[in-house]
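A.B. asks: what would the 3D arrangement of this be:
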Amino acid sequence: MKKVLIIDENDEFREYLCKKIEEHGFDVTAGLNGLDGSLKLRKIIPDLIIMDHSLTRKTFFEVVAEKVDNPNTISVPVVLLTNKVDKSKIAEYAKYGIKKIFSKPLRIDSLLKGISEILGTTFEVDDTPCIIEANFNDEIIFIEIARGLNIEKIEILKFRLEELVNIYNITIPKVLLMMSGIKVEDKNIYKLRTLLDIVVKTVKENYDKVIVLANEKTIKDYICYVDEYKDIQIRNNLSDALDDLIGQKADNFAQDRVVEDNLLNPKNKDVKEVKIEMRFETENITRKLETIGNNIKIAVVDDDFVIRQFVKTSFKTLEWQIDTFENGKKFIDVLSENKEYDLIFLDLMMPEVDGFGVLEFINEYGIKTPVIVFSALSQKETVLKAVKYGVKSYMSKPLNPNLIKRKTAEILNPGF
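C.D. replies: Down below sits the predicted model:
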């Protein structure tokens, strides 16, 4: 049995990948960080290493340098996983035995194909065209599915939802499952059931916290007539769904409020203990951001000087480049000079050129940089308009520095 070593510090991603590779008949060992992976590399002498670029305790380059210095492991091929491909280092990667490079969030079908080419094996995977995206906004997990249902990607969704729950410390989330235009044949009902089971488990069987946006009769009928799903709500348009979800009292994403209440009213808990929890949560998110690397460029586009400085200060412990712009016109002028960013924070209501003008420019020129929009809960129509421009993430004012970091981690350091 061929042996595969997987070194990745994202717990949910590592668990998923180990499970998926084991299903195809491999002996899989997990490395929890760079040091742990280095020790296990010497111990098991694998046939293949699948390794994330962002590692602690030992860096990626330290681990692969040890690999080539050891005559027992020098020829072991490496598959590199990274959030950002540095094209200038591709030639350098080759001397360490790196055969394939894949960007996160990962396309599992491409990864399995790459593994099969290296090891001379074949994998059977569902090749149904499918796009699944999940993001957390205003206490709601938005799941958007397009083209079709793919069981591999549905299984990945389970781990993506776990990742979001952990990033934001959500107790019981509200979920909007958007499946407009999806058609499900009878032979694929099992995929729909798997999808619904994953969503229901995420909300801990609180069915009233789930709304499905769908117009396909098969989907509606299945949800309505299967007893375990009949309490799930179905809506025909996004506006109504948002009314229902945003209208619910915010009682689930309660971590910050609970901590605040405990600090102000410490009768039930030691204040020192609560402060320690807050510090640990902040440190965990900061560590997650640090693993992304230092070569990160962020643009903050807002006409409010206080907001611009607030966002910039949120990243003060990181060696990132934060550029600020007081209106959309100045930002577009910079983008026109082919300057690239890893992430854009964008206010929608600004003078000269507003946020929608910026979004139009981004779409027209095919700029793929992720955008986080600043909005207010009362501006539902504004949010809906931003969604039509392809915006997946938005934050409500007033802003919270910890939430800014969590949202950045969600976008820039996803496992899935």
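A.B. asks: where along the stretch 301-416 of the chain do the helices fall?
C.D. replies: Secondary structure of the stretch 301-416 of the chain by DSSP state H, counting those that start in this stretch: the helices cover 305-314, 328-335, 355-364, 380-388, 401-412.
A.B. asks: next one: the stretch 1-150 of the chain
C.D. replies: 11-23, 34-44, 60-69, 90-94, 108-119.
A.B. asks: which one of the ones you listed lies closest to Asn137?
C.D. replies: helix 11-23 (19.9 Å; C-beta to C-beta). Where C-beta positions appear, they are placed from N, C-alpha and C, glycine not excepted.
A.B. asks: angle of the closest one against helix 108-119?
C.D. replies: 50 degrees (axes from the mean of the first three to the mean of the last three C-alpha atoms, to 10 degrees).
A.B. asks: among the helices of the stretch 1-150 of the chain, which comes closest to Leu289?
C.D. replies: helix 11-23 (16.4 Å).
A.B. asks: and that closest one, which residues are buried?
C.D. replies: Using 16 or more other C-beta atoms under 10 Å as the test for burial, helix 11-23 gives 12-18, 20-21.
A.B. asks: return the member of the residues you listed nearest to Asn400.
C.D. replies: Glu12 (23.9 Å).
A.B. asks: and that closest one, how close does it get to Glu163?
C.D. replies: 5 Å (C-beta to C-beta, to the nearest Å).
A.B. asks: out of the helices and strands in this structure, which is least certain?
C.D. replies: helix 255-264 (a mean of 34; mean pLDDT, DSSP states H and E).
A.B. asks: give me the pLDDT value at the residue positioned nearest the centre of the chain.
C.D. replies: Residue closest to the mean C-alpha point of the chain, counted by C-alpha atoms, centre = their mean, is Pro414 at 3.6 Å. Model confidence at Pro414, given as pLDDT, is 74.
A.B. asks: leaving out chain neighbours, which residue sits closest to it?
C.D. replies: Pro105 (4.7 Å; C-beta to C-beta, 6 or more residues apart in numbering).
A.B. asks: could I get the phi/psi values of the one you found?
C.D. replies: Dihedral angles phi and psi of Pro105 (degrees, to the nearest 10) take the values phi -60, psi 140.
A.B. asks: okay, now it: neighbour count?
C.D. replies: 15 (other C-beta atoms under 10 Å).
A.B. asks: Ile372 too?
C.D. replies: 23.
A.B. asks: list the contacts of it.
C.D. replies: 343-346, 393-395, 407-408, 411 (C-beta atoms under 8 Å, 6 or more residues apart in numbering).
A.B. asks: measure it to Leu17 for me?
C.D. replies: For Ile372, the distance to Leu17 - C-beta to C-beta - is 28 Å.
A.B. asks: measure the residue lying farthest from the centre of the chain to Gly25 for me?
C.D. replies: Most distant residue from the mean C-alpha position of the chain: Pro71, 38.0 Å away (C-alpha atoms, centre = their mean). With distances taken as C-beta to C-beta, Pro71 is found 28 Å from Gly25.
A.B. asks: just Ile118 next, same as before
C.D. replies: Taking C-beta to C-beta, one finds Ile118 at 15 Å from Gly25.
A.B. asks: with neighbour numbers in mind, choose between the two.
C.D. replies: Ranked by neighbour count (other C-beta under 10 Å), Ile118 and Gly25 place Ile118 first, with 14 against 10.
A.B. asks: what's the burial count for Asn135?
C.D. replies: 21.
A.B. asks: so it makes contact with Pro414?
C.D. replies: No - if you go by C-beta atoms under 8 Å, Asn135 and Pro414 don't touch, sitting 9.7 Å apart.
A.B. asks: got any ranges where the stretch 101-250 of the chain has weak pLDDT?
C.D. replies: 247-250 (pLDDT under 70).
A.B. asks: show me where it has strands.
C.D. replies: 131-137, 140-146, 174-178, 210-213, 233-235 (DSSP state E, counting those that start in this stretch).
A.B. asks: turn those strands into TSV, including distance to Lys100.
C.D. replies: Putting the strands of the stretch 101-250 of the chain into TSV (distance: least, C-beta to C-beta, whole Å) gives the following:
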stretch	distance to Lys100
strand 131-137	23
strand 140-146	27
strand 174-178	33
strand 210-213	37
strand 233-235	42
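A.B. asks: any idea which of those gets closest to Ile367?
C.D. replies: Nearest to Ile367, of the strands of the stretch 101-250 of the chain and by C-beta to C-beta, is strand 131-137 at 17.9 Å.
A.B. asks: ok, the closest one: who's next to it in the sheet?
C.D. replies: Using DSSP bridges, strand 131-137 pairs in its sheet with strand 140-146 (antiparallel).
A.B. asks: outside of the strand it pairs with, which residues touch it?
C.D. replies: 130-136, 157, 161, 164, 170, 173-179, 181-182, 195, 199, 202, 245-246, 392.
A.B. asks: try it again with 7 Å
C.D. replies: 131-135, 157, 161, 164, 173-179, 182, 245 (C-beta atoms under 7 Å, 6 or more residues apart in numbering).
A.B. asks: PyMOL command to pick out the buried ones of the residues you listed?
C.D. replies: To isolate the buried ones among the contacts of strand 140-146 in PyMOL, judged by 16+ other C-beta under 10 Å, type:
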select buried, resi 132+134+135+157+161+164+173+174+175+176+177+178+179+182+245
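A.B. asks: got the domain boundaries for the chain?
C.D. replies: With domains defined by automatic domain parsing, the chain comprises 3-119, 131-247, 292-412.
A.B. asks: would you list those in TSV and tack on distance to Thr286?
C.D. replies: Listed next are those as TSV, based on distance: least, C-beta to C-beta, whole Å:
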stretch	distance to Thr286
domain 3-119	12
domain 131-247	13
domain 292-412	6
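A.B. asks: out of those domains, the one nearest Ile285 is which?
C.D. replies: domain 292-412 (4.8 Å).
A.B. asks: starting at the chain centroid, how far to that closest one?
C.D. replies: 17 Å (C-alpha atoms, centre = their mean, to the nearest Å).
A.B. asks: that one: end-to-end distance?
C.D. replies: Domain 292-412 has an end-to-end distance of 7 Å (C-alpha to C-alpha, to the nearest Å).
A.B. asks: now tell me what touches stretch 332-345 from outside.
C.D. replies: Outside stretch 332-345, the residues touching it (C-beta under 7 Å, 6+ apart) are 296-301, 311, 353, 358, 361, 367, 369-372, 374, 408, 411-412.
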